[in-house]
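Q: fold the following.
(2 chains)
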Amino acid sequence: MDFYTLKWGDKYGAEYVNRLYGSLKKHYKEPFALTCYTDNYNMIREEVNIKNIESLRKFDTDRVFTYEKLILMEKHEKGVWLDLDILIHDEIDFIDDSDFKMIWNYWHPYSRSYTWYGKGGSCHVNSSFCKFENAEWLIKFTNDNWEKIEWTYKSLDKYLFYQHHRNERLKFWDQGIVTNYNHGGFGLKGKISLFNTSHKYNNKGIVEESYELHEADPETVKLWESYEH
Amino acid sequence: MNIKHITMNYDKVLYLACNDIREDLEELNSFDIDAKAIDYDPKFKDVEYYVNKDFVFDDVDLDADLTIHMNVEKTYPVKLSGDVILRGDNEHHNGDCCPITSCEQLIEMYNLKEVYQQEITSQRKTLLNGIGHFIVYGRAA
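A: Down below sits the predicted model:
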């Protein structure tokens, strides 16, 4: 399997890439490769393939956060894209033949969307661990509608939720496989835990206690550090 | 500007991004005005007089004598024809992709050929705080 991740700017250091690779080595039992699209390859372990993230920026915009993941699908027929701020802590044995499968935010009640749908406060999908395989429908829709997408959506996840979940085009990992550390009692559950906090800064009015992976409890950080080599 | 009174002068009225205006739609239709709303919120699925689609991305019929867009700040500026009422604000809600800061902005965004009325109001907060609701009534093409 080919895994892909993105790293740009200075929010996350090389250790995030290196430990992600280490976690795959421990928990993915088939042959694999990890490619990191980045603007800075310093200190990234040599087992990781390096590519220039600019090659994914065909639309030259910073408006749709992490849209670069979509461009991966034009360059690669099949793979899994991973966010750096996830922690894989159990066997990855659930990847199937789906053309596109991503995370449903089971920790956010969907009923909330009936109050906030379309107002931007409601997003129930997450692209931090996403499998793709010849998802031509998504590539075509994106290219055909890019001007509208760029105008409308601040993030890839909101685009996927409002345009593709609404039209029942998305499939999701089963409940319990991917969980959210910050919305699950600050512990590791399932097989993969998310630590994302960017929504707090990309939206106003969100006040919650949440931690990045390097800020997590000592036991979690210790596990993460164990993937360094 | 009394939007409801204005709609009474038209035969075919279309509301965009209007949220819940079921009572108004029922009333207009009771006067034989062909009034409907397009709103993609799932809560309007199978609701009378609603087309539960996204008028920006989905294939929908936007033909009307009067189109009333209630949340311009939240949507891509699609091409409209006939008379229009455009309402937008600069409240910067999370889903806003283009905050509206003036009536002139609305006129330019939708390339209005003629302006009948325009108005600035405030809601909840005062204009002194810089929060305004901008409304333009005019002709798009």
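
Q: the residue of chain B found nearest chain A: neighbouring residues, count only.
A: Using CB to the nearest CB, the single residue of chain B nearest to chain A is B:Gly95, 2.3 Å away. C-beta: built from backbone N, CA, C; applies to glycine. B:Gly95 has 22 neighbours, counted by other CB atoms under 10 Å in any protein chain shown.

Q: any idea how far A:Glu215 is from it?
A: 29 Å (CB to CB, to the nearest Å).

Q: before we move on, what about B:Ile38?
A: 44 Å.

Q: ok, the two, which is more surrounded?
A: It is B:Ile38, of B:Ile38 and A:Glu215, that has more neighbours when counted by other CB under 10 Å, with 23 against 11.

Q: how many other residues sit next to the closest residue to B:Lys36 other than its chain neighbours?
A: Among residues not flanking B:Lys36 along the chain, B:Tyr49 sits closest, at 5.0 Å (CB to CB, 6 or more residues apart in numbering or on different chains). By other CB under 10 Å, 17 other residues sit near B:Tyr49.

Q: in a helix, the residue of chain B closest to chain A, correct?
A: No: B:Gly95: not assigned to a helix; according to DSSP: H, G, I helix; E, B strand; the rest coil it is coil.

Q: all the strands of chain A, residue numbers only.
A: Using DSSP state E, the strands of chain A run over A:2-7, A:33-38, A:49-52, A:78-82, A:86-88, A:100-104, A:125-133, A:171-172, A:178-180, A:192-194.

Q: so what's the nearest residue to B:Val60 once chain neighbours are set aside up against?
A: Distances taken as CB to CB, 6+ apart place B:Lys53 nearest to B:Val60, at 5.1 Å, with adjacent residues excluded. Contacts for B:Lys53 (CB atoms under 8 Å, 6 or more residues apart in numbering or on different chains) come out as B:38, B:40, B:60.

Q: same check, this time on B:Met1
A: Shown in contact with B:Met1 (CB under 8 Å, 6+ apart): B:85, B:117, B:119, B:135, B:137.

Q: try 6 Å
A: B:117, B:119, B:135 (CB atoms under 6 Å, 6 or more residues apart in numbering or on different chains).

Q: so the second one, which of the three states?
A: In terms of secondary structure, B:Glu119 is strand; the call rests on three-state DSSP.

Q: now it: how far from B:Ile21?
A: Taken as CB to CB, the span from B:Glu119 to B:Ile21 is 19 Å.

Q: comparing the two, which shows the higher neighbour count?
A: The residue with more neighbours, out of B:Glu119 and B:Ile21, is B:Ile21; 19 against 12, by other CB under 10 Å.

Q: so the residue nearest to B:Lys36 sits right up against B:Ile33, yeah?
A: No: assessed by CB atoms under 6 Å, B:Tyr49 is found out of contact with B:Ile33, at 10.8 Å.

Q: ok, for A:Cys59, nearest residue in space, not its chain neighbours?
A: Actually, residue A:59 is Phe rather than Cys. A:Phe59's closest residue in space is A:Trp146 (CB to CB, 6+ apart), at 6.2 Å.

Q: any regions of chain A where pLDDT drops low?
A: Low-confidence segments of chain A (pLDDT under 70): A:114-116, A:118-121, A:198-207.

Q: mind listing the helices for it?
A: A:14-27, A:68-75, A:113-116, A:136-144, A:146-152, A:156-159, A:198-202, A:218-225 (DSSP state H).
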